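*Asks:* Got a predicted structure plus its sequence, pasted below:
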Amino acid sequence: RHRNIRNASLDDYDDYYDGYDDDYYDDEDGSYAAPKAKAAAPQAAKPKEKAGKGKQGGGSGGGAAATQSQPGIKVNKEKGLTPDQQVLLASALDYIASVLPPPGTKPEADVRAAVIRAGYDAEKALAALLEEDEKRQKAKAQAQAQAQDAAAKATAAKEASAKAQAGPARPSASAAGPASTQPTSGAAESVGSVNADVAALGLTDLATRSESVEERAVFMGPAAAAKAVDARAEYLASMSTQKPTVTLVVVGHVDAGKSTLMGHVLCLSGEVTQKQMHKNENESRKIGKGSFAYAWVLDQSTEERERGITMDVASTVFETPHRRVQLLDAPGHRDFIPNMITGAAQADVAILVVSAARGEFEAGFDLGGQTREHALLVRSLGVTHVIVAVNKMDMEDWSVARFEEIRGKVASFLKSIGFKEEALSFVPISGFKGENLVRSLPLPWYTGPPLVDLIDSLPPSMRDLDHGSRFVISDIIRTTDRQATVTGTLLCGILKIGDRLALMPGPETATLKAVDSGASTLWLGPGGKADISLVDFDTAYLHIGSVLCDAARPARSCTVLRAQIIVFDCELPILPGSKFTFHQQQTAQPCRVLKLISTLDRATGEILKRAPRCVTRNSNAVVELQLDGAVCAETFRESRDLGRLLLRANGKTIAAGIIVEILN
């Protein structure tokens, strides 16, 4: 057992050592024990000593052979380390692993050797490893330069030889080629011009050795590859070759059939397996909710399934012929409006689901239901295109009169809150039966496309590529000492591995270590949703709603701001001192009104009255707000995403608006 422990790697040491009561250096018979004085001997003398002891211990042909015959044991190259040294080594390896790229990009043996040479000082070892990388990069650059010089000389020799043989009147083939006569601009063109000559000479072209993102990551390591990659150029190239992404939120009154509708769309799109659907059908039937099988595709928590309602925003991805759709299924119950806001804040377009059943549409639209409020919220959060899905039309026998009645009421309301008529689409569907979702239903009075075709025609998201990066955190997956993994959406700009990011609001800056977006692993483009890993910061300042900003161009933290708001249907007028909940992206903060600056004309924006005593319903006003805690904000001119706000109180949306000035 002691021979096995000596031959085991540090990764296996704890598994083999666990359960042994005696100390390795105090063996009773002394046949395998390594004296403590010898344990501290130089590493070079140790392998021979242990190889001899392996032979004395019997087994299959000595220590080295015995180790090779046991497939579960790795050879430990640092034989002879004391337990204290092993602990120091393991600690240093953990620290270096948190800074260097993930395992596999640098041999573990090199890292171990560097730690031992540095006397188990993690900082010194890390500095030595980085210095080695720098020297390797310089050597690579020198080799590249030599290859280019050799290629240039070879090209010149060929050109001279061709001229000598053909005479002055006959142009050479080499001279006619772009590599020898046309000047190049930039390193990429220079390298590309000598590729053929380099291949002819049998030289390795280091500059083009790794062309794809994945190959660069393996060859250079993620951190170095991220520095070498032109994230902007690769993002633009990917946009020209991949399907545009559309972030779609599904909203509507509770029990309108939102989850059932989108679950059925996912099934018809091939995103859900038959095995999973069969499981949903059986489990929903057992608790007497057989009609919820499609809804359970998105409602996966136990509480949601028991209560039969959506409580949190469900997120998934599916594809249409021309779009990659990031789907967000928002809750419809009034108790979960804050969750609905967090989902709608990430969306570019929306599907508003209304029920055609008698009584259900009226309950959601006319009697204080959530249909109107959801439409107000998505419009206030920047959504400009809406598909109105008139669901449960099979319960009304696909009546054209009922469809036109609902269409008239909803269209009139949506246009009154700012939606343009050309940005509205209406489609009759049956989410439970799956009719008119993927394939058109032969109706004499409806000749338009089915729901999925309407989704396929939605405009893709347009994000600011040149603005400083703004990544809004929507979930915290895990945190450890000075590192964390979070989920969120990049509103604008580009992120790439190695970037220093300011964590707002707060004094911390972090380093981006990894990106997991399902596509590129080195960068994230605007509008992308991803899991990212951060290191080198105090995680106590990390919260849902925090914003990661470009450290060179961060947004601002503020507690007092001036906003232009539109007041909806409120029971009481807004006065100085009125208290609300301030919503912005993933952030919710208590606030109060400090001052009423002015009221404005809704059509022209002209000032109607300065310093009004109160602001009533359907008014447009400029107010100053005092927040209980700091938020990361920008004016609407600087950022449309971080410049929008909502004010809610007593479970109702009171006002929506934009930030016009940050006062502290």
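*Replies:* Yes, it's here. Residues are numbered from 1 along each chain as shown.

*Asks:* Apart from its neighbours in sequence, what residue is nearest Leu625?
*Replies:* If the residues on either side of it in the chain are set aside, Leu625 comes closest to Cys591, at 5.0 Å by Cβ to Cβ, 6 or more residues apart in numbering. Every C-beta, even on glycine, is put in place using the N, C-alpha and C of the backbone.

*Asks:* Where does the one you found sit: helix, strand or coil?
*Replies:* What DSSP: H, G, I helix; E, B strand; the rest coil gives for Cys591 is strand.

*Asks:* For it, list the residues it contacts.
*Replies:* 579-582, 625-628, 647 (Cβ atoms under 8 Å, 6 or more residues apart in numbering).

*Asks:* quick one, phi/psi of the residue nearest to Ala551 when sequence neighbours are not counted?
*Replies:* Excluding its sequence neighbours, the residue lying closest to Ala551 (Cβ to Cβ, 6+ apart) is Arg500, at 4.3 Å. The phi/psi pair for Arg500 (degrees, to the nearest 10) reads phi -90, psi 130.

*Asks:* Repeat that for Ala344.
*Replies:* Main-chain dihedrals, Ala344, degrees, to the nearest 10: phi -70, psi -30.

*Asks:* That one: neighbouring residues, count only.
*Replies:* As a burial measure, Ala344 scores 25 neighbours (other Cβ atoms under 10 Å).

*Asks:* And it, how far from Val249?
*Replies:* Note on Ala344: its distance to Val249, by Cβ to Cβ, to the nearest Å, is 5 Å.

*Asks:* Need the distance between the two termini of stretch 570-587.
*Replies:* Stretch 570-587 has an end-to-end distance of 23 Å (criterion: Cα to Cα, to the nearest Å).

*Asks:* do the same with stretch 312-331
*Replies:* End-to-end distance of stretch 312-331 (Cα to Cα): 6 Å.

*Asks:* How about stretch 436-443?
*Replies:* 10 Å.

*Asks:* List of residues touching that stretch?
*Replies:* So stretch 436-443 is contacted by 261, 264-265, 268-269, 393, 398, 427-431, 435, 446, 449-452 (Cβ under 8 Å, 6+ apart).

*Asks:* One more pass at 10 Å, please.
*Replies:* By Cβ atoms under 10 Å, 6 or more residues apart in numbering, the residues outside stretch 436-443 that reach it are 261-262, 264-265, 267-269, 320, 389-390, 393-394, 398, 400, 403, 427-431, 433, 435, 446-453.

*Asks:* what helix or strand is Ser474 on?
*Replies:* Assigned by DSSP states H and E, Ser474 belongs to strand 470-480.

*Asks:* Can you name every helix or strand that that strand contacts?
*Replies:* helix 337-344, strand 483-492, strand 500-504, strand 529-535, strand 547-550 (3 or more Cβ pairs under 10 Å, 6 or more residues apart in numbering; DSSP states H and E).

*Asks:* Each with direction, which strands does it pair with?
*Replies:* Strand 470-480 pairs in its sheet with strand 483-492 (antiparallel), strand 547-550 (antiparallel), by DSSP bridges.

*Asks:* Mean confidence (pLDDT) on that strand, please.
*Replies:* Regarding strand 470-480, the rounded mean pLDDT is 88.

*Asks:* For that strand, buried residues please.
*Replies:* Neighbour-count burial for strand 470-480, counted by 16 or more other Cβ atoms under 10 Å, picks out 470-474, 476.

*Asks:* of those, closest to Leu495?
*Replies:* Nearest to Leu495, judged by Cβ to Cβ, of the buried residues of strand 470-480 is Phe471 at 6.3 Å.

*Asks:* Who does that closest one form a beta bridge with?
*Replies:* In this entry, Phe471 is beta-bridged to Leu490, Leu548, by DSSP bridges.

*Asks:* From Ser461, how far out is it?
*Replies:* For Phe471, the distance to Ser461 - Cβ to Cβ - is 15 Å.

*Asks:* returning to what we had before: from the chain's centroid, how far away is the strand holding Ser474?
*Replies:* Taking the mean of its C-alpha atoms, strand 470-480 sits 10 Å from the chain's own mean (Cα atoms, centre = their mean, to the nearest Å).

*Asks:* Same question for stretch 579-591.
*Replies:* On the basis of Cα atoms, centre = their mean, stretch 579-591 sits 24 Å off its chain's mean C-alpha point.

*Asks:* before we move on, the earlier item: may I see the buried residues of strand 470-480 organised as a markdown table, with distance to Tyr120 added?
*Replies:* As requested, those are exported to a markdown table (distance: Cβ to Cβ, whole Å):
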| residue | distance to Tyr120 |
| --- | --- |
| Arg470 | 42 |
| Phe471 | 37 |
| Val472 | 41 |
| Ile473 | 36 |
| Ser474 | 41 |
| Ile476 | 33 |
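
*Asks:* hmm, back to that, if I read this right, the residue nearest to Ala551 contacts Arg553, doesn't it?
*Replies:* No - judged on Cβ atoms under 10 Å, Arg500 makes no contact with Arg553 at a distance of 11.6 Å.

*Asks:* show me what contacts Arg117?
*Replies:* Contact partners of Arg117, counting by Cβ under 10 Å, 6+ apart, are 124-125, 128.

*Asks:* where does the protein have low pLDDT?
*Replies:* Scanning the chain for pLDDT under 70 picks out 1-80, 98-106, 149-231, 239-240, 367, 518-521.

*Asks:* 50 instead?
*Replies:* Applying pLDDT under 50 to the chain flags the ranges 1-6, 8-77, 103-104, 165, 167-221, 224-225, 228.

*Asks:* residues near the residue lying closest to Leu663 once chain neighbours are set aside, how many?
*Replies:* Residue nearest to Leu663 in three dimensions, not counting chain neighbours: Val560, with 4.3 Å by Cβ to Cβ, 6+ apart. When neighbours are defined as other Cβ under 10 Å, Val560 has 14 of them.

*Asks:* any idea whether Val560 is helix, strand or coil?
*Replies:* Judged by three-state DSSP, the three-state class of Val560 is strand.

*Asks:* show me the contacts for it.
*Replies:* The contact partners of Val560, by Cβ under 10 Å, 6+ apart, come to 591, 594, 624-627, 661-664.

*Asks:* ok, now which ones touch Val547?
*Replies:* By Cβ under 10 Å, 6+ apart, the residues touching Val547 are 469-473, 488, 491, 501-506, 554-555, 557, 584-587, 631-634, 641-642.
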